[in-house]
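1. can't give you the sequence, but here's the structure:
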């Protein structure tokens, strides 16, 4: 198992640690959990960077990386809903988009069409991470000046989630159509 795959596996293993910290309801537990979440999120960029730079892309990595991302983000969103900091419909939109795009990419792959991660998809991921962290930190330090940064950031994340999902479906339609006509 190469380094990028180990980092991806580490991200998966950090999910139960993140959730355990939240469930213990420790003083400053939200901040510790946010730190674990950020560390896990950083492994996402790092494993991809190393895999591309060192030409260490593997079939296992292609399977585990998106799974790890979805586990991390989904668990955080569900935890935020449980903590009554996030409306359930927001989590459903974000998680539903992930299922839809994953299904679409699987369908396209079965047709021999690869739909690569888009720039919008990467922006979506960054906005989701920022929004989730802000909500775990209860908007700190923005709460000191009475700015609901977490809600604003989550609204931006939802916009990019929907936009990038629509972009993937448009891209898939174009690629599948050109494959069938070509």
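-> Ah, there it is. Remember, predicted model here, so these are calculated numbers, not experimental data.

2. how about the helices of the protein, start to end?
-> 3-24, 29-53, 59-82, 88-110, 119-136, 149-181 (DSSP state H).

3. Let me know the angle separating the fourth one from helix 119-136.
-> Put plainly, it is helix 88-110. Compare the direction of helix 88-110 with that of helix 119-136 by axes from the mean of the first three to the mean of the last three CA atoms, to 10 degrees and you get 150 degrees.

4. If you count contacts, what does helix 88-110 end up packed against?
-> Using 3 or more CB pairs under 8 Å, 6 or more residues apart in numbering; DSSP states H and E, the elements in contact with helix 88-110 are helix 59-82, helix 149-181. For glycine as for every other residue, the C-beta is placed from the backbone atoms N, C-alpha and C.

5. Kindly provide the whole-number mean pLDDT of the first one.
-> The predicted model gives helix 59-82 an average pLDDT of 91.

6. what does the last one give?
-> The predicted model assigns helix 149-181 a mean pLDDT of 87.

7. just stretch 116-134 next, same as before
-> pLDDT averaged over stretch 116-134 gives 92.

8. Can you tell me the closest non-neighbouring residue to residue 78?
-> residue 91 (6.3 Å; CB to CB, 6 or more residues apart in numbering).

9. what pLDDT does that neighbour get?
-> As predicted, residue 91 sits at a pLDDT of 98.

10. ok, now the one 4 residues further on?
-> Listed pLDDT for residue 95 reads 97.

11. Check the gap between it and residue 69 for me.
-> 12 Å (CB to CB, to the nearest Å).

12. Over to residue 44?
-> In terms of CB to CB, residue 44 sits 6 Å off from residue 69.

13. How is this protein partitioned into domains?
-> 1-84, 87-182 (automatic domain parsing).

14. If anything else comes up later, I'll come back, but that's it for now.
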